[in-house]
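K.L.:
Here is my input, please return the structure:
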Amino acid sequence: MTVSSFAELGLTDRLLRALADAQYDTPTPIQSQAIPLLLDDADLLGIAQTGTGKTAAFTLPLLQNLEEDAAEGVRAEPRGARALILAPTRELALQISESIKTYARHMRISQAVVIGGVSQRPQVNALRQGVDILIATPGRLLDLASQRLVDLSWCDYLIIDEADRMFDMGFIRDVRKIVKMLPEDRQTLLFSATMPAEVAKLAGEILDEPERVEIAAKTVAVERIEQYIHHLSGGDKRERLAGLLEGSEFAKVIVFTRTKRGADKVVKFLATDKVVAEAMHGNKSQGARQRALENFRSGKARVLVATDIVARGLDVDNVTHVINYELPNEPECYIHRIGRTARAGAEGIAISFCDPTERTMLRDIERLIKRPLDLVGDGPVGPDEKPAKRGGGNRGQGGRRSGGANNDNGNKRPASANRKRRRTRRPERRAA
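P.N.:
Have a look, this model is predicted:
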């Protein structure tokens, strides 16, 4: 089904006004597929990486369902939440919160963010009267639950975002503990970019006859992003990065490294070249990470140097370039990294550096996206390796290739009248 506007998805006028205010006109594939299912109370397994519009895909129907529930007399309980959104990182939790503010601007929806790295007192105060939506990272939420400062027993909606990242960061056990605190009769959504065995097992445990919406990874990675590869020795990367950043077109750049130490080193040598850059990684305090992100968003810093621990939690408009100073160990991380550009339908450019120790990583990336990156300069030459023959001899020429079609999931089961589980559950909470 082709959907050309949000009005076709059954959203309320308040939500449509908020989308118009934000200049969001056309739903992305995951939005057009997921929103009708979620408004019909289906559980959902969504397989999509960042950059596909999945935050709006789960936020918009959640807001509409919460508003309908409120009209029936459902209110948040003290220390409780009507909906819980779990995110693996503090940055992602805060950005989901900002998205909710954008979409709910014409609605009376309360929310709270519960994350580590900051004082818990404001979070406890925000929860005291109960909230409609609680966005949380697993560790801090479990901490508050152990102190009996949060009650999830009346939560009607559970959304788990970036489930594979939860697994990578060791949070899956925490997620299972949290799920046990929620009622079984709820609507549950699980989103993941990939589906490792542990995440698939979790989905089987917590989802009830879920619909499945899958957006092919290569669609986002290839369609709107020009992708280039520079073969360099390790010692040449610094000079090449500095040379690229001399170009005025490199107006807002994210540089990715594999390690925290590497990120700090890049920031230091850029400072010697009088390039204002900020580092963002797991060793930084929450306050420092937020300051770095705000300086980058506002333009005070032209370059943000980040590690993969925050790659998925970065949502910044108008990023002109992503530069992989070091290739990631996991090819899926490449897709998440370059997805920081080409946001909200825009186009973008991704440039990767590859030294001889990273050639296996490059092969894995090209195998995943099913295309070679466009070569800039000479290809690698070794004892048993000839220079690559690829198109796009310089940046900005012949970089884009068309990706595969989206999976439209045409075998969805039909809508069922008995899906409306929440509408009749817990009559004691409804207005008399």
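K.L.:
any weak-confidence spans in the stretch 1-150 of the chain?
P.N.:
Residue ranges of the stretch 1-150 of the chain with pLDDT under 70: 1-2, 51.
K.L.:
all strands of it, in order?
P.N.:
Using DSSP state E, counting those that start in this stretch, the strands of the stretch 1-150 of the chain run over 44-47, 81-86, 111-114, 131-136.
K.L.:
could those strands go into JSON lines alongside mean neighbour count?
P.N.:
(Glycine included, C-beta is placed from N, CA and C.) Formatted as JSON lines, those follow (neighbours: other CB atoms under 10 Å):
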{"stretch": "strand 44-47", "mean neighbour count": "24"}
{"stretch": "strand 81-86", "mean neighbour count": "26"}
{"stretch": "strand 111-114", "mean neighbour count": "23"}
{"stretch": "strand 131-136", "mean neighbour count": "25"}
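K.L.:
Identify whichever of these lies nearest to residue 256.
P.N.:
strand 44-47 (23.1 Å; CB to CB).
K.L.:
Out of the strands of the stretch 1-150 of the chain, flag the one nearest residue 374.
P.N.:
strand 44-47 (27.5 Å).
K.L.:
what packs against the closest one?
P.N.:
helix 29-39, helix 54-71, strand 187-192, strand 211-214 (3 or more CB pairs under 8 Å, 6 or more residues apart in numbering; DSSP states H and E).
K.L.:
sorry, back to before: could you dump the strands of the stretch 1-150 of the chain into TSV with distance to residue 120 added?
P.N.:
Shown next, in TSV, are the strands of the stretch 1-150 of the chain (distance: least, CB to CB, whole Å):
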stretch	distance to residue 120
strand 44-47	31
strand 81-86	16
strand 111-114	8
strand 131-136	12
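K.L.:
So which of those strands is nearest residue 297?
P.N.:
Nearest of the strands of the stretch 1-150 of the chain (CB to CB): strand 111-114, 17.8 Å.
K.L.:
Break this structure into its domains for me.
P.N.:
What automatic domain parsing lists as the domains of the chain is 6-215+407-429, 218-376.
K.L.:
So, low pLDDT: which residues of the stretch 201-350 of the chain?
P.N.:
Using pLDDT under 70, the stretch 201-350 of the chain drops low at 216-223, 310-313, 343-346.
K.L.:
my guess is residue 323 meets residue 254, correct?
P.N.:
Yes: look at residue 323 against residue 254 with CB atoms under 8 Å: they come within range, at 7.3 Å.
K.L.:
quick one, which of those two is more surrounded?
P.N.:
residue 323 (27 against 24; other CB atoms under 10 Å).
K.L.:
re earlier: between the strands of the stretch 1-150 of the chain, which one is nearest to residue 164?
P.N.:
Of all the strands of the stretch 1-150 of the chain, it is strand 44-47 that lies closest to residue 164, at 9.6 Å by CB to CB.
K.L.:
Now residue 183: closest residue in space that isn't a chain neighbour?
P.N.:
residue 153 (6.4 Å; CB to CB, 6 or more residues apart in numbering).
K.L.:
Wait, the one you found touches residue 182, no?
P.N.:
Yes: if you go by CB under 8 Å, residue 153 and residue 182 touch, sitting 7.3 Å apart.
K.L.:
what about the two, which has more around it?
P.N.:
residue 182 (19 against 10).
K.L.:
Which residue ranges of the stretch 151-300 of the chain form strands?
P.N.:
With DSSP E, counting those that start in this stretch as the criterion, the stretch 151-300 of the chain has strands spanning 157-160, 187-192, 211-214, 225-231, 253-256, 277-280.
K.L.:
Serialize those strands to a markdown table and add fields for distance to residue 24.
P.N.:
Converted to a markdown table, the strands of the stretch 151-300 of the chain look like this (distance: least, CB to CB, whole Å):
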| stretch | distance to residue 24 |
| --- | --- |
| strand 157-160 | 20 |
| strand 187-192 | 19 |
| strand 211-214 | 19 |
| strand 225-231 | 20 |
| strand 253-256 | 23 |
| strand 277-280 | 27 |
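K.L.:
what about the ones you listed, which gets the closest to residue 363?
P.N.:
So among the strands of the stretch 151-300 of the chain, strand 225-231 is nearest, using CB to CB, at 11.3 Å.
K.L.:
What strands flank that closest one, and is each parallel or antiparallel?
P.N.:
strand 348-354 (parallel), strand 374-376 (parallel) (DSSP bridges).
K.L.:
Relative to residue 108, which of those is closest?
P.N.:
strand 348-354 (36.7 Å).
K.L.:
What are the buried residues along the closest one?
P.N.:
Going by neighbour count (16 or more other CB atoms under 10 Å), the buried part of strand 348-354 is 348, 349, 350, 351, 352, 353, 354.
K.L.:
Return the residues in contact with the first one.
P.N.:
When you say that, I think you mean residue 348. 224, 225, 226, 319, 320, 321, 322, 338, 341, 342 (CB atoms under 8 Å, 6 or more residues apart in numbering).
K.L.:
if you skip the residues just before and after it, what's nearest to it?
P.N.:
Residue 348 sits nearest to residue 341 (CB to CB, 6+ apart), 2.8 Å away.
K.L.:
With respect to residue 32, which of the strands of the stretch 151-300 of the chain lies nearest?
P.N.:
strand 211-214 (9.7 Å).
K.L.:
strands paired with that closest one, and their directions?
P.N.:
As defined by DSSP bridges, the strand partners of strand 211-214 come to strand 44-47 (parallel).
K.L.:
In this protein, which residue is most central in space?
P.N.:
By CA atoms, centre = their mean, the mean C-alpha position of the chain lies nearest to residue 50, the distance being 3.8 Å.
K.L.:
Helices of the stretch 101-250 of the chain, start to end?
P.N.:
121-127, 138-146, 163-168, 172-180, 197-206, 217-223, 237-245 (DSSP state H, counting those that start in this stretch).
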